[in-house]
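# what's the 3D shape of this:
(chains A, B, C and D)
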Number of protein chains: 2
Amino acid sequence: MPRTGLTPEAARQRAVEIAVERIRAHGFAKLRLADVAREMGVSHAALYGHFRDKAALLDAVTESWLAEARSRTAAICAGPEPAAERIEAWFLERYRLKSARARSDPEIFFGYNEATCGARPVIQAHLERMTDELAGLLAEAGLGGAAEAVLLEEALTAFLHPSLITSGPEAGRAADLTRLLRIVLAGLAATAGEHG
Amino acid sequence: MPRTGLTPEAARQRAVEIAVERIRAHGFAKLRLADVAREMGVSHAALYGHFRDKAALLDAVTESWLAEARSRTAAICAGPEPAAERIEAWFLERYRLKSARARSDPEIFFGYNEATCGARPVIQAHLERMTDELAGLLAEAGLGGAAEAVLLEEALTAFLHPSLITSGPEAGRAADLTRLLRIVLAGLAATAGEHG
DNA sequence: TTGATTACATTTTCTCCATTCTGTAACTCA
DNA sequence: TGAGTTACAGAATGGAGAAAATGTAATCAA
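Predicted coordinates for the structure are as follows:
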């Protein structure tokens, strides 16, 4: 039993909550571990019992968001609709989630992305899981597998990449995404099996 | 007749040359108008007779490169091959040019892009001309027009956008670009006329 | 009269130092 | 024993004043 009355896991979650609030309020660059610790009622050194370093806390902030996003996309994957419909819904959900996040929490979204160049393991692992989900949907639709999933993700990079997510109004972009997606899926269907 | 012995146009070109050399040697951020002027044998204020401001000189550096790139792509557009082949060659040329530039002159390529966020008129005008060229090729191939050109450029953003151009080895990326391009073109062919 | 110069106002960048922050270690207490 | 504390070293940040760069205006010369 820790002296703060929080289990280790609860303490981690509390630290993440506080970090999110503070980044929203004061910006990504001004987050101080000492501030987070003070708000938890502990010394800053105590945080190192829960997180290896500051980057690990920021990873946890991001991971909590990514896990939420995954639960949404996974629900779509598991839905009852035809696979083709689920593919569209899956991409639209990804776009809307990212777009909304980028607009509502720009400090967290862009700050973390710029600071890490998207190269952190927590990001890479998430992207791999997304590609796996997509590969599953494509397989269900009879349009391919892992290779086609990678290709399709690249085709929609203009709509999903962090550095491009806020170009243009959300409704218009969503419509453009759908148009492009349908064309690429048609292309996949037309060329299916040509190369194995 | 100017005292330097250079016509206005030659002076502009000389300034651009010197700026390119200095950016290569010392980096984009450290380019000083005074250094360029000294190397030309004039005072720094004389440069303002040729360029509105420093940004205009940097625009000229970029424009000289963009003009060269356009002459290459325009030659492909005017070639004798079937339109479908020219579309592939056109995208591959764009990718190879950008990729080579980003690798050989990263300070100029990324420095300018980061400093301007790609929002300078000289960049926008170039991109519009690229889209026009592509629209022409698509029309020749019977695959659409301006709208389809925009869509196709978005589909290949992952391979052509400055912030993504150096991801992966050039040969592999070129092959991936070609695969995706063929699929999108197949999709355009399959859905041609559906929406007008 | 145009291309260039010097002189100068305004920004921007640099430098240095004090402060703050991160991360580690030795220690404390329930 | 493990969650937390204090103490501290090294790294990063911030701010003030100095230095330098950009951009403008008045002037000069071929």
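
# return the residues of chain A in contact with DNA strand D.
A:2-4, A:6, A:8, A:11, A:29-30, A:41-43, A:45-46, A:49-50 (Cβ under 7 Å from any atom of the strand). All C-beta spots, glycine's among them, are computed from the backbone N, C-alpha and C.

# inside strands: which ones of those?
In strands, judged by DSSP state E, none of those are found.

# low-confidence ranges in chain A?
A:1-3, A:193-196 (pLDDT under 70).

# now do the strands in it.
Taking DSSP E as the criterion, chain A carries no strands.

# mind listing what's buried along the biggest helix by length in it?
Looking across chain A with DSSP state H, the single longest helix is helix A:54-77. By 16 or more other Cβ atoms under 10 Å in any protein chain shown, the buried positions in helix A:54-77 come out as A:56-63, A:65-66, A:69-70, A:73, A:76-77.

# before we move on, what about stretch A:139-151?
A:Ala141, A:Leu143, A:Gly144, A:Glu148, A:Ala149, A:Val150, A:Leu151.

# any idea how chain A splits into domains?
A:1-51, A:63-191 (automatic domain parsing).

# so which of those domains gets nearest DNA strand C?
With Cβ to the nearest atom of the strand, the closest approach to DNA strand C among the domains of chain A belongs to domain A:1-51: 3.5 Å.

# anything in the closest one near DNA strand C?
Yes. Residues of domain A:1-51 contacting DNA strand C under Cβ under 7 Å from any atom of the strand: A:Arg3, A:Leu31, A:Arg32, A:Leu33, A:Ala34, A:His44, A:Ala45, A:Tyr48.

# what's the separation between the second one and A:Gly111?
Same thing as A:Leu31. 9 Å (Cβ to Cβ, to the nearest Å).

# more neighbours: which of these two?
For A:Leu31 versus A:Gly111, neighbours defined as other Cβ atoms under 10 Å in any protein chain shown are more numerous around A:Leu31 (22 against 18).

# quick one: contacts for that one?
Shown in contact with A:Leu31 (Cβ atoms under 8 Å, 6 or more residues apart in numbering or on different chains): A:Ala19, A:Arg22, A:Ile23, A:Leu58.

# which one of these is nearest chain B?
Closest approach to chain B among these (Cβ to the nearest Cβ): A:Leu58, at 21.4 Å.

# would you agree the closest one is in contact with A:Glu107?
No. Contact between A:Leu58 and A:Glu107 fails when scored by Cβ atoms under 8 Å: they sit 11.8 Å apart.

# for chain A, what spans make up the helices?
A:8-26, A:33-40, A:54-77, A:83-104, A:106-116, A:121-140, A:146-155, A:157-160, A:170-191.

# ok, and for the fourth one, which residues are buried?
Buried residues in helix A:83-104, defined by neighbour count with 16+ other Cβ under 10 Å: A:83-84, A:86-95, A:98-99, A:101-102.

# can you name every helix or strand that it contacts?
Under the contact definition 3 or more Cβ pairs under 8 Å, 6 or more residues apart in numbering or on different chains; DSSP states H and E, helix A:83-104 sits against helix A:54-77, helix A:106-116, helix A:121-140, helix A:157-160, helix A:170-191.

# okay, the fourth one in CSV with CA atoms only?
This file holds the C-alpha atoms of helix A:157-160, laid out as CSV (Å, rounded to 0.1, in the frame of the first residue of the first chain):
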residue,chain,number,x,y,z
THR,A,157,-1.5,9.2,-46.5
ALA,A,158,-2.6,12.7,-47.8
PHE,A,159,-5.7,12.4,-45.5
LEU,A,160,-4.2,10.6,-42.5
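
# for it, the distance to its chain's centre please.
Here the centre of helix A:157-160 is set off from its chain's centre by 13 Å, with Cα atoms, centre = their mean, to the nearest Å.

# is chain B contacted by it?
Yes. Helix A:157-160 reaches chain B (Cβ under 8 Å from any Cβ of the partner chain) through A:Thr157, A:Ala158, A:Phe159.

# counting by contacts, list what that helix packs against.
Here helix A:157-160 touches helix A:83-104, helix A:170-191, helix B:146-155, helix B:157-160, going by 3+ Cβ pairs under 8 Å, 6+ apart.

# who's in contact with that helix?
Taking Cβ under 8 Å, 6+ apart as the rule, helix A:157-160 contacts A:91, A:94-95, A:98, A:153, A:164-165, A:173, A:176-177, A:180, B:154-155, B:157-158, B:161, B:164.

# hmm, try it at 7 Å
A:Arg94, A:Tyr95, A:Lys98, A:Leu164, A:Arg173, A:Leu177, B:Glu154, B:Thr157, B:Ala158, B:Leu164 (Cβ atoms under 7 Å, 6 or more residues apart in numbering or on different chains).

# surely the third one is in contact with A:Ile165?
Yes. If you go by Cβ atoms under 7 Å, A:Lys98 and A:Ile165 touch, sitting 5.2 Å apart.

# can you give me the buried ones in stretch A:114-126?
Going by neighbour count (16+ other Cβ under 10 Å), the buried part of stretch A:114-126 is A:Thr116, A:Arg120, A:Val122, A:Ile123, A:His126.

# next one: stretch A:153-161
A:Glu153, A:Glu154, A:Ala155, A:Leu156, A:Thr157, A:Ala158, A:Phe159, A:Leu160, A:His161.

# any chance of CSV for these, columns distance to DNA strand C?
Formatted as CSV, these follow (distance: Cβ to the nearest atom of the strand, whole Å):
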residue, distance to DNA strand C
A:Glu153, 32
A:Glu154, 34
A:Ala155, 38
A:Leu156, 35
A:Thr157, 31
A:Ala158, 31
A:Phe159, 33
A:Leu160, 30
A:His161, 28
